[in-house]
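Asker: I would like the atomic coordinates for the input below:
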Amino acid sequence: MLNPNLDDIQLSKDEYARYSRHIILPEVGLDGQKRLKAASVLCVGTGGLGSPLLLYLAAAGVGRIGIVDFDVVDTSNLHRQIIHGVSWVDKPKIESAKHRILEINPTCQVDLYETRLSAENALEIARPYDLVIDGTDNFPTRYLVNDVCVLLGKPNVYGSIFRFEGQATVFNYEGGPNYRDLYPEPPPPGLVPSCAEGGVLGVLCGIIGTIQATEAVKIILGQGNTLSGRLLLYNALEMKFRELKLRPNPVRPVIEKLIDYEEFCGIPQAKAAEEKERAGMEEMTVKELKQLLDSGAKDYVLLDVRNPNEYEIARIPGSVLVPLPDIENGSGVAKVKELLNGHKLIVHCKLGGRSAKALAILKDAGIEGTNVKGGITAWSQEVDASVPEY
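Answerer: Next comes the predicted model:
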């Protein structure tokens, strides 16, 4: 529970009217609304989770909100990142978020940190705030946020989403577990697909983000039972919630300092391995592929290794779909051999990563091929703008 000096906090006549439905709640009351006004919250990320939670924290009357983000608004964000609008596309997310927050609550102090959170700046950024909310979507930053909160003794309100499922909890609160109790070691890079690869139901972000906002408000008020020690799991398709108990690991390593989290999560090693693998791989540009298609040549097979639903969105003329999962489980390898029948193999995906992975597997099976750099995204940008980007 946070303990501000409430004698120094006053509400204006407008604030009494604005927060009247809060103040008449016995569990909130005037003191509770003053606690919200006195509170400071740092939100890392203004994406799918950050959008709803920032809106509700501002609406609840949180007096100071810090936002860390270095990205710009993209059209593909708008189905789930509801704090942003069309007029803010290609502009900084933090500026868009601040504009919307002040529309909701003009008395809120909004601090902007347009930077990537790192071991070099995280302690300085997080230190002035009462609690931190993790709205990120990558493992290095999640471990960084956790360790910062442990070192500074601050609660960490956590949420994550993927496809139709989400989870939320509170870490490092009143002796409860932290993120490393849930995930002592990060998964291998690439094992967990990003939302850009796997997709996410837009409204799922609202549910998990609002749960995070609820937990933050409860911590500020000192009311109710938080999710500390409980991992809340939500399945939107089944409309089911489940809980798992979390406990501190008595033998977990002591966090004494911040580290290189990219290194800890194996990102540089994975990139180096990928670069080494691709160094010996034949590649072609989308413009070279276009020249080949226009030449009328028939001695090749253009293989698309994306998922079937992606193939429905957009495709390169003449391509044949064999999804990467089929190649990984072996069933697709035989199909590729059958398709080739002595022809050359050209492989593409969305950006070039999955096709490179497919070619590495096929090479082990004795099949050589050429990777299309940039995939169908580059095709849309450089060859045929009528092909939708997604």
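Asker: need phi/psi at residue 67.
Answerer: Dihedral pair for residue 67: phi -130, psi 130, per degrees, to the nearest 10.
Asker: ok, it - contacts?
Answerer: 42-43, 46, 50, 54, 94, 97-98, 110-113 (Cβ atoms under 8 Å, 6 or more residues apart in numbering). (C-beta placed from N, C-alpha, C; glycine too.)
Asker: can you give me the domain assignment for the chain?
Answerer: By the assignment in automatic domain parsing, the chain contains the domains 39-270, 280-382.
Asker: just the mean pLDDT for the last one, thanks.
Answerer: Looking back up the chat, that one is domain 280-382. Taken as a whole, domain 280-382 carries a mean pLDDT of 94.
Asker: measure that domain end to end?
Answerer: End-to-end distance of domain 280-382 (Cα to Cα, to the nearest Å): 25 Å.
Asker: and that domain, how far from the chain's centre?
Answerer: Relative to the centre of its chain, domain 280-382 is centred 28 Å away, using Cα atoms, centre = their mean, to the nearest Å.
Asker: flag the shaky bits of the protein, pLDDT-wise.
Answerer: Along the chain, the model assigns pLDDT under 70 to residues 1, 276-277.
Asker: give me that answer again for 50
Answerer: Across the chain, nothing is flagged by pLDDT under 50.
Asker: would you tell me which helix is longest in it?
Answerer: Longest helix in the chain, counting residues (DSSP state H): helix 202-221.
Asker: identify each buried residue in that one, please.
Answerer: Using 16 or more other Cβ atoms under 10 Å as the test for burial, helix 202-221 gives 204-221.
Asker: kindly report the same for stretch 92-112.
Answerer: With burial defined by 16+ other Cβ under 10 Å, the residues of stretch 92-112 counted as buried are 92-101, 105, 108, 110-112.
Asker: next one: stretch 241-255
Answerer: 246, 255.
Asker: cool, stretch 174-184 as well?
Answerer: Within stretch 174-184, the residues scored as buried using 16+ other Cβ under 10 Å are 176-182.
Asker: redo those as a markdown table? Include secondary structure and distance to residue 330.
Answerer: Converted to a markdown table, these look like this (DSSP: H, G, I helix; E, B strand; the rest coil; distance: Cβ to Cβ, whole Å):
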| residue | secondary structure | distance to residue 330 |
| --- | --- | --- |
| 176 | coil | 44 |
| 177 | coil | 40 |
| 178 | coil | 40 |
| 179 | helix | 36 |
| 180 | helix | 36 |
| 181 | helix | 37 |
| 182 | helix | 33 |
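Asker: of all those residues, which two lie farthest apart?
Answerer: 176 and 180 (12.5 Å; Cβ to Cβ).
Asker: and the strands in the protein?
Answerer: Remark: strands assigned in the chain by DSSP state E are 40-44, 64-68, 109-113, 131-134, 156-162, 165-171, 230-235, 240-245, 282-284, 300-304, 320-321, 344-348, 370-372.
Asker: how far off strand 64-68 does the third one point, in degrees?
Answerer: What it means is strand 109-113. Here the directions of strand 109-113 and strand 64-68 differ by 20 degrees (axes from the mean of the first three to the mean of the last three Cα atoms, to 10 degrees).
Asker: ok, the most centrally placed residue in the chain - contacts?
Answerer: Of all residues in the chain, the one closest to the mean position by Cα atoms, centre = their mean is residue 137, 2.3 Å from it. For residue 137, the contact set (Cβ under 8 Å, 6+ apart) comprises 45, 47-48, 160, 194-195.
Asker: between those residues, which sits nearest residue 126?
Answerer: Set against residue 126, the nearest of the contacts of residue 137 by Cβ to Cβ is residue 45 (13.5 Å).
Asker: separation between the closest residue to residue 40 other than its chain neighbours and residue 223?
Answerer: Distance criterion Cβ to Cβ, 6 or more residues apart in numbering; nearest residue to residue 40, sequence neighbours excluded, is residue 64 at 3.9 Å. Applying Cβ to Cβ, to the nearest Å, the value for residue 64 to residue 223 is 20 Å.
Asker: check residue 323 too.
Answerer: For residue 323, the distance to residue 223 equals 49 Å [Cβ to Cβ].
Asker: and residue 106, by the same measure?
Answerer: As judged by Cβ to Cβ, residue 106 and residue 223 stand 26 Å apart.
Asker: wait, isn't residue 198 in contact with residue 163?
Answerer: Yes. The pair residue 198 and residue 163 passes the contact test of Cβ atoms under 8 Å, sitting 5.5 Å apart.
Asker: which of those two has more residues huddled nearby?
Answerer: residue 163 (15 against 11; other Cβ atoms under 10 Å).
Asker: so what's that one up against?
Answerer: For residue 163, the contact set (Cβ under 8 Å, 6+ apart) comprises 198-201.
Asker: columns distance to residue 243 on top of the residues you listed, output as a markdown table?
Answerer: Converted to a markdown table, the contacts of residue 163 look like this (distance: Cβ to Cβ, whole Å):
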| residue | distance to residue 243 |
| --- | --- |
| 198 | 24 |
| 199 | 26 |
| 200 | 22 |
| 201 | 21 |
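Asker: please consider this matter closed, and thank you.
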